[in-house]
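A.B. asks: Give me a model of this one.
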Amino acid sequence: MKPKKLKFDIKEKEKLTEFVDCDFLSPAIKKKIRVILLRSEGKTIDYIVNNTMLSKRTIINYTNKYLENNRFFHRKNHKRSVLYTRKDEILKEFRKKPPKSYKEAATRIKELCGIERSATQVRYFLNHNDIYTNRSKKYNPEYKKKINKRNEIRKHTKRKGRSPFPKNFYTHKF
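C.D. replies: Coordinates of the predicted model:
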């Protein structure tokens, strides 16, 4: 297969450059997009090989696949969790009364919607939507602020056998 030439509109180039700048795409997909952008700018295959460390055959394949299907670098079998279809209902319930653990959250989701998911899937869903259980302190932004404040105090105080913190500071539940 010979390499084909790419010609883009300004809108198409802007769309692809936005994809390169976004955080949620994998580096491999970003590399494919960069190759396509370089080809559209009229750069030679040798130039792209030197800059991207890909083979000539790979670059030719990327350009030909892009010409066949403009969205070739998107996931084909990407499935969204069923939890996201009932997202508003679930989040409203958990904002009223946050769960104590992810297992409890999974059972409440099963009671509420009839969707059965593992604790790991529920944890990912809840943390992605900024709902934290009482036990997931390390993800909780309020807990992080308190710990950072404690660490700042520790940096600036000289310890002389006694802690500068109140007695209940370490045992207090967040």
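A.B. asks: center of this structure - which residue?
C.D. replies: Taking CA atoms, centre = their mean as the criterion, Phe24 is the residue nearest the geometric centre of the chain, at 5.2 Å.
A.B. asks: so it is in which element?
C.D. replies: Secondary structure assigned from DSSP states H and E places Phe24 in neither a helix nor a strand.
A.B. asks: what does Glu116 give?
C.D. replies: Under the criterion DSSP H and E, no helix or strand holds Glu116.
A.B. asks: Torsion angles phi and psi at it?
C.D. replies: When read as degrees, to the nearest 10, the backbone of Glu116 gives phi -100, psi 120.
A.B. asks: try Gly114
C.D. replies: Torsion angles, degrees, to the nearest 10, at Gly114: phi 80, psi 10.
A.B. asks: Look up how far Ala119 lies from the residue nearest to the centre of the chain.
C.D. replies: Remark: distance between Phe24 and Ala119 (CB to CB, to the nearest Å) = 24 Å. Any C-beta I mention is one placed from the backbone N, CA and C, and that applies to glycine too.
A.B. asks: Kindly report the same for Arg80.
C.D. replies: Distance, Arg80 to Ala119, using CB to CB: 19 Å.
A.B. asks: Mind checking which of these two has more residues around it?
C.D. replies: Ranked by neighbour count (other CB atoms under 10 Å), Arg80 and Ala119 place Ala119 first, with 14 against 7.
A.B. asks: Surely that one touches Thr107?
C.D. replies: No: using CB atoms under 8 Å, Ala119 is not in contact with Thr107; the gap is 9.7 Å.
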